[in-house]
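Visitor: Whatever this is, show me its structure:
(one chain, ligands or ions: 1)
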Amino acid sequence: MIQAFIPLLILAAAEPALPEPAALPVLADWPDPLTAIDGSRITTAEGWKNQRRPEIVRLFGHYMYGTMPEATGPVTAKVRYESNANSMWVREFDVSVGPGAPVIRLLLVLPKQGNSPKAIFVGPNFNGNHAVLADPGIAMTQAWVYPDRMNSKDNRATEAGRGQGLGVWNASMIAEQGFGLATFYGGEVDPDRGDERGGIQPWLRSKQAYSPEKWGTIALYAWAMSRVLDVLANEASTAKAPVVAVGHSRMGKTALLAGAMDERFAIAIPLQAGCGGTAPSRGKIGESVKQINDRFPHWFNSHYKAFNERPEKLPFEQHHLVALMAPRPVLFANALEDTWANPVGQFEVLRAADPVYRLLKAGGCDTTTMPALNTLSSGTLGYYIRPGKHEMKADDWKVFIKFTSQHLPKGK
Ligand code: GCU
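Guide: Prediction:
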C-alpha cells in the first residue's frame with residue numbers, strides 16, 4: 001500500500017483538478033469503466049493498468065470515500081496475549097500505525113501452531129475482539145461501542161459481551177478448515193459516531209493536514225485493513241498466506257474498498273454491503289445516496305453529499321470499484337430479505353464489472369441471470385444469495401470458505 005501509493009501521488013500532482021460535482025455531466029446510464037475521462041476507449045491491459053485504473057482510484061477518492069491518509073509508519077505489532085487451546089493458535093497484538101499513535105488491537109486466529117493457513121480472512125468487527133471468542137485473555141475494548149449491542153452498556157463493552165459474536169465470526173470453524181482470521185474492532189480505529197473524538201483521527205490529524213474532502217470513516221477502516229496487511233507481512237506465520245478482505249454491511253463496504261485500493265488483497269468478499277459499497281448509487285431500490293449521507297454523513301467525504309439529489313452525476317458507478325479488484329476474485333454475498341442492500345442491483349453491478357475482467361483475461365461473471373437461492377455462481381466474479389435476513393453467520397462463512405478455496409491464488 002505504502003509503495004503502491006507513491007506513484008499515484010506523483011501522478012495526482014501532475015493531473016488537472018477534477019471538476020466540482022455540480023459541473024459534472026448527468027450520466028443516467030451507468031458509466032463505462034473502459035472509457036477514460038478524456039473519452040478515449042481502453043482496449044489493452046496496459047491502458048487499464050496505467051491510465052484508467054489510477055484515474056478511477058482518484059475519482060473514488062475525490063468524490064466519495066475521500067483520500068486515504070498518507071503513509072504513517074513504521075507499523076509495529078507486539079503480542080499482548082497468546083493461547084494454543086482448542087486446536088487454534090490465538091494471538092492478540094497491540095498495533096501502532098506510527099510513533100505515538102493509539103493502540104489498535106488485532107486478534108489473529110490461526111490453525112494449530114505449525115500448520116500454515118491456506119488464506120487469512122481480514123476484516124473489522126463491530127463489537128470488539130472480546131466478542132469474537134469466549135477467551136478471557138482477549139482484551140475488552142475500552143473504546144466507544146454501539147449502544148445495545150452484545151451487552152454493551154452506556155456505549156462501553158461489558159464482560160457479558162465476551163464471546164457473544166462466536167456465531168458471527170465462526171473463528172473455530174475457520175481454523176478447523178485450515179484458514180486464519182485477523183480482525184480488529186472498527187471503533188478503535190474510528191468510533192462510528194460521526195465526530196473526530198477517539199480512535200486514531202486526533203493523532204492522524206495532528207500529523208497530516210485534514211479537510212472534509214479527505215477520508216471518511218469507511219476509508220479509514222479500509223486504510224486500517226491495509227495496516228493489518230503490513231503486520232501480517234512481517235509475521236513469519238502469516239507472511240506467505242494469501243489475504244481475503246471480508247466484512248459485513250458497513251464493514252463490507254470497507255472490505256471492497258480495501259481490496260480495490262490495496263492490491264495485496266487476493267480476494268474480496270463483501271457481505272450484504274449495499275449502498276456505498278456493492279449496490280448501485282443510481283436507481284430506486286434499497287438505500288439511496290441521500291439516505292446514507294443523511295444518516296451516516298461521516299462515512300464518506302464532503303463531496304459525496306453533492307450527489308444526494310443527483311446520483312446520476314457521479315462519474316462512476318459501483319462496478320468501477322469492483323473493476324479495481326480485477327483480475328482478483330470478488331464474491332458478493334446477500335440475503336433474500338435484505339432488500340435495503342439491494343441484492344438484485346448488486347448482481348447488475350457485478351455483471352457490469354465483467355468487461356474489465358475479460359479485458360485482463362481473468363474470467364468474470366459466468367452467469368447472466370441471478371443465481372438461484374443457496375447456489376454459489378462460478379467465475380471470478382461470484383454471487384451468492386441465501387434466504388434470511390441481514391446478518392453474518394456460519395452459513396455465510398461456509399460459502400466464503402468455498403469461494404476462497406476455489407479461487408486461491410497459486411503460490412504467493
Ligand atoms: C444501515 C445502513 C447500511 C449499512 C448497515 C450496517 O442499515 O443504512 O448502509 O450497511 O447499517 O452497516 O449494518
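Visitor: Going by C-alpha atoms from here, please, whenever you check contacts or count neighbours.
Guide: Noted.
Visitor: got the contact list for stretch 210-225?
Guide: 61-63, 65-69, 122-124, 186, 189-190, 192, 250-251, 253-255, 257-258, 298-303 (Cα atoms under 8 Å, 6 or more residues apart in numbering).
Visitor: same thing with stretch 83-103?
Guide: With Cα under 8 Å, 6+ apart as the test, stretch 83-103 has contacts from 72-82, 104-113, 138, 172, 175-176, 188, 199-200, 203-204, 227.
Visitor: Only the C-alpha atoms, please, for that stretch, written as CSV.
Guide: The C-alpha trace of stretch 83-103 is given here as CSV (Å, rounded to 0.1, in the frame of the first residue of the first chain):
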residue,chain,number,x,y,z
SER,A,83,-3.0,-19.2,23.6
ASN,A,84,-3.0,-22.6,22.0
ALA,A,85,-6.2,-24.1,23.2
ASN,A,86,-8.9,-26.0,21.1
SER,A,87,-6.7,-26.5,18.1
MET,A,88,-6.5,-22.8,17.4
TRP,A,89,-3.4,-20.6,17.7
VAL,A,90,-4.8,-17.3,19.1
ARG,A,91,-2.8,-14.2,19.4
GLU,A,92,-3.7,-10.6,20.1
PHE,A,93,-1.4,-7.8,19.1
ASP,A,94,-1.1,-4.2,20.2
VAL,A,95,-0.7,-2.5,16.8
SER,A,96,0.6,1.0,16.4
VAL,A,97,0.5,2.8,13.0
GLY,A,98,3.2,5.2,13.9
PRO,A,99,5.1,6.8,16.8
GLY,A,100,2.6,7.9,19.5
ALA,A,101,-0.5,6.5,17.7
PRO,A,102,-3.2,5.0,19.9
VAL,A,103,-3.1,1.2,20.1
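Visitor: Quickly note the distance from Arg52 to Thr44.
Guide: 10 Å (Cα to Cα, to the nearest Å).
Visitor: Please identify which of these two sits among more neighbours.
Guide: Arg52 (22 against 12; other Cα atoms under 10 Å).
Visitor: Wait, the more buried one touches Ile42, no?
Guide: Yes: contact criterion Cα atoms under 8 Å: Arg52 and Ile42 qualify, at 7.3 Å.
Visitor: Return every residue with contacts to both of the two.
Guide: 34-36.
Visitor: before we move on, the earlier item: report the entries of the contacts of stretch 83-103 that also contact the ligand.
Guide: Near the ligand, judged by Cα under 6 Å from any ligand atom, there are no entries from the contacts of stretch 83-103.
Visitor: Appreciated, that's everything.
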